[in-house]
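**Q** need coordinates for the below:
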Amino acid sequence: MNPDRTLPWDWFPGRVPENVTVHPEAYLETTYSFQMFRSDAVDAIHIGRGSSIYLGVMFDLGEQARVKIGNYVLMNGAPIICDREITVGDYSLISWNVVLMDTPRLPVDPQQRRLALERAATQIPRRVGAAVAANRIRIGTNVWIGFDCCVLPGVTIGDGAVIGARSVVVTDVPSFSVAVGNPARVIRQLEPCVLPPTTPAPTM
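**A** Numbering: from 1, shown residues only. Predicted coordinates:
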């Protein structure tokens, strides 16, 4: 990252927000990922050592939202809709079009939704939202989430778990298990293993 918080390879003329921390050994493909970013929180986004954040990842963060991405995480084309907190553990793989959302942003009641949509039509830029609760998402270490999955508010995915492609995760997934479907159900247990800690940074 350049001193002015631009990216030397970026095709988009944006900057990394001041309250976003990107480890020097992480890769962030484009500042376009922050087009929906509105958080005023201190350290609103932390991207750890060796992590890769590719095109299509969108940080749609509300005013006090926080996202923590661990070390050696790979994310590709994943919208992150966050009004509270989303944590992704070390060595996790978040595949194409995975949606992580700790808030639905809109109420279930159709009349309230209608009013929210009418309000959005008067705003620049147009944003849809209402006063609905957010519930944090926690994704453990060494988790693999297949493409086109949706992880909904309040979910915890344990260490070493695998989520099959196009699954909708509405309840917690235990560590070292495979969950698939809509709603996602555990179909298999994996052999638990002791995962080594993150490799320490080399000394200069």
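
**Q** all contacts plus neighbour counts: C-alpha atoms, from now on.
**A** Noted.

**Q** what's the domain layout of this protein?
**A** 20-89, 136-188 (automatic domain parsing).

**Q** nearest to Arg114, out of those domains?
**A** Minimum separation from Arg114 across the domains of the chain (C-alpha to C-alpha) falls at domain 20-89, 20.6 Å.

**Q** now that closest one: mean pLDDT?
**A** Domain 20-89 shows a mean pLDDT of 96.

**Q** for it, the distance to its chain's centre please.
**A** Computed by C-alpha atoms, centre = their mean, to the nearest Å, the chain-centroid distance of domain 20-89 equals 7 Å.

**Q** endpoints of it, how far apart?
**A** Using C-alpha to C-alpha, to the nearest Å, one end of domain 20-89 lies 17 Å from the other.

**Q** give me phi/psi at the residue most central in space within the chain?
**A** Nearest residue to the geometric centre of the chain (C-alpha atoms, centre = their mean): Ile80, 4.1 Å. With angles defined as degrees, to the nearest 10, Ile80 sits at phi -120, psi 110.

**Q** surely it is in contact with Asn97?
**A** No - applying C-alpha atoms under 8 Å as the test, Ile80 and Asn97 come out as separate, 10.1 Å apart.

**Q** for Arg127, what are its contacts?
**A** Ala120 (C-alpha atoms under 8 Å, 6 or more residues apart in numbering).

**Q** can you do 10 Å?
**A** Applying C-alpha atoms under 10 Å, 6 or more residues apart in numbering to Arg127 gives the contacts 36, 116-117, 119-121.

**Q** mind putting those into CSV with secondary structure and distance to Leu190?
**A** Below are these laid out as CSV (DSSP: H, G, I helix; E, B strand; the rest coil; distance: C-alpha to C-alpha, whole Å):
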residue, secondary structure, distance to Leu190
Met36, coil, 37
Ala116, helix, 44
Leu117, helix, 44
Arg119, helix, 48
Ala120, helix, 45
Ala121, coil, 48
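
**Q** most neighbours of all these, which one?
**A** If you count neighbours using other C-alpha atoms under 10 Å, the busiest of the contacts of Arg127 is Ala116, which has 19 neighbours.

**Q** separation between that residue and Arg38?
**A** 19 Å.

**Q** same thing with Thr87?
**A** Using C-alpha to C-alpha, one obtains 18 Å as the distance from Thr87 to Arg38.

**Q** so how many other residues sit close to the closest residue to Val42 other than its chain neighbours?
**A** Closest residue in space to Val42, ignoring its immediate chain neighbours: Asn19 at 5.8 Å, by C-alpha to C-alpha, 6 or more residues apart in numbering. When counting by other C-alpha under 10 Å, one arrives at 14 neighbours for Asn19.

**Q** swap in Pro192?
**A** Counted with other C-alpha under 10 Å, Pro192 comes out at 12.

**Q** likewise Phe34?
**A** 18.
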